[in-house]
Structures are given as C-alpha cells and as structure tokens.
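A.B. asks: A structural model of the following input is requested.
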Amino acid sequence: MTEGGLEAVRADEDVVAASRVRELEAKVRELERLLGRKTMETEILREALEAARPKKQALRLPSPPRGGSR
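C.D. replies: Residues are numbered from 1 along each chain as shown. Okay, the predicted model is just below:
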C-alpha cells in the first residue's frame with residue numbers, strides 16, 4: 001500500500017482511501033442497476049405504444065363521402 005501511495009504521488013495523482021473507492025464502486029453499481037431498470041421500462045412502454053397504435057387507427061370512423069351528400 002505504501003508503494004502504491006508513493007507511486008501515485010510520483011505520478012502526480014490523487015491518493016484515495018480504499019473505503020472511498022468501495023463506496024464509489026457501490027454507487028456505480030446502483031446507478032447501473034437503475035439505468036438498466038429505466039431502460040427496461042422504456043422498452044416496455046415503447047412496445048405498449050406500438051401495440052396500441054393499430055387499435056387506435058381501427059377505432060376511427062370512416063370519412064364522409066366526397067360528394068358532399070350527408
């Protein structure tokens with residue numbers, strides 16, 4: 001650990017505690033999980049919209065004839 005710290009200082013990099021690294025890794029995992037969930041929700045909603053569109057068009061009433069007769 002000491003060697004790694006000295007190497008980081010020589011390379012002009014920040015030294016971060018291992019507990020902070022674990023904390024940030026846990027945060028990244030949580031954010032990746034949430035992103036996956038939102039992506040799945042988006043796909044489900046997109047599929048639901050696609051399935052609903054043909055039904056919506058089928059429910060439309062036909063247009064009146066062009067001759068002006070009602």
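
A.B. asks: What about residue 64, how many residues nearby?
C.D. replies: Using other CB atoms under 10 Å, residue 64 is surrounded by 9 other residues. Heads up, the C-betas are built off the backbone N, CA and C, glycines and all.

A.B. asks: May I have the predicted confidence score for it?
C.D. replies: For residue 64, the pLDDT comes out at 74.

A.B. asks: average pLDDT for the longest helix anywhere in the chain?
C.D. replies: In the chain, with assignment by DSSP state H, the single longest helix is helix 18-58. Helix 18-58 shows a mean pLDDT of 91.

A.B. asks: Run through the neighbouring helices and strands of it.
C.D. replies: Using 3 or more CB pairs under 8 Å, 6 or more residues apart in numbering; DSSP states H and E as the contact test, no helix or strand touches helix 18-58.

A.B. asks: Go ahead and report the secondary structure state at residue 65.
C.D. replies: coil (DSSP: H, G, I helix; E, B strand; the rest coil).

A.B. asks: Look up phi and psi at it.
C.D. replies: Taking degrees, to the nearest 10, you get phi -60, psi 150 for the backbone angles of residue 65.

A.B. asks: Residue 13 too?
C.D. replies: The phi/psi pair for residue 13 (degrees, to the nearest 10) is phi -110, psi 160.

A.B. asks: go on, the one 4 residues further on?
C.D. replies: Listed backbone geometry of residue 17 is phi -70, psi 150, with angles given as degrees, to the nearest 10.

A.B. asks: again, but for residue 12
C.D. replies: Here is the backbone geometry of residue 12 (degrees, to the nearest 10): phi 60, psi 40.

A.B. asks: Return the distance of it relative to residue 20.
C.D. replies: Counting by CB to CB, to the nearest Å, the gap from residue 12 to residue 20 is 19 Å.

A.B. asks: Between those two, tell me which one has more neighbours.
C.D. replies: residue 20 (9 against 6).

A.B. asks: burial count for residue 53?
C.D. replies: Neighbour count of residue 53, defined by other CB under 10 Å: 10.
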